[in-house]
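[1] What would the 3D arrangement of this be:
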Amino acid sequence: MDPQASAEFDRLRREATKLERHLEERVGRYQQLAQSLTTGDDSPFGGPSSSFNSRNSSSLYAAEAGMARHSAPSSGGKSSEALNEEETALAADVNRTISSMTDLIERRMMPCAERTGRSQHTLLVKRYREILFDCSADFKKTSAAVARKREQAELFRGANTGGGGGNGGGGGSNGGRDEGMEHL
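    Numbering: from 1, shown residues only. Next comes the predicted model:
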């Protein structure tokens with residue numbers, strides 16, 4: 001047992017613990033932000049309502065009232081663009097932290113644990129790998145949900161601006177469409 005290797009491992013363990021806390025905090029924050037982006041509820045970020053149901057019902061309301069809806073309603077918080085920018089920055093930070101922790105575990109901690117010859121050090125490395133795996137999986141799952149929601153928003157944005165019902169709604173000026181719906 002090498003006392004110098006044990007001291008080095010303890011230093012690396014403290015560094016890994018700091019990275020673990022930072023990663024868990026950032027992934028948790030990312031999940032909160034993603035919740036705000038994907039469900040549109042009034043989260044701590046106070047972002048605009050962006051869920052399909054909220055957007056769709058307000059679009060329907062606007063169409064029924066004969067109003068053209070040009071922008072999403074805001075709940076007084078950050079704009080959708082600001083939330084998207086924050087999501088992008090947070091995702092980059094999470095990716096950097098995952099990369100740093102992977103490097104620490106695989107290139108520095110594991111070789112040091114092998115040098116100490118202590119089974120508890122090897123088990124600790126295994127624990128950090130599991131934590132990293134769990135946080136990475138949570139992040140990837142949440143990131144995929146955000147990507148799906150962005151794609152959905154793009155599709156609906158294209159449908160709303162591309163002639164998908166923004167022509168006055170029910171005013172009788174759409175002769176072809178109204179006639180086709182007469183039988184219903």
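[2] pLDDT score assigned to Arg177?
    What the model reports for Arg177 is a pLDDT of 56.
[3] how many other residues sit next to Arg150?
    Around Arg150 there are 15 other residues, counting by other CB atoms under 10 Å. Quick note: C-beta positions are derived from backbone N, CA and C, even for glycine.
[4] residues near Ser100, how many?
    Using other CB under 10 Å: Ser100 sits among 15 other residues.
[5] Next secondary structure after whichever strand or helix holds it?
    Secondary structure from DSSP states H and E places Ser100 in helix 80-103. Downstream of helix 80-103, the first helix or strand assigned by DSSP H and E is helix 110-116.
[6] I'd like the next helix or strand past that following helix.
    Helix 110-116 is succeeded, C-terminally, by helix 119-161 (DSSP H and E).
[7] how far off helix 80-103 does that following helix point, in degrees?
    Helix 119-161 and helix 80-103 are oriented at 160 degrees to each other (axes from the mean of the first three to the mean of the last three CA atoms, to 10 degrees).
[8] And the helix holding Ser100, what does it pack against?
    Helix 80-103 makes packing contacts with helix 3-39, helix 119-161 when contacts are defined by 3 or more CB pairs under 8 Å, 6 or more residues apart in numbering; DSSP states H and E.
[9] Out of those, flag the one nearest Thr102.
    Of all these, helix 119-161 sits nearest to Thr102, with 6.4 Å by CB to CB.
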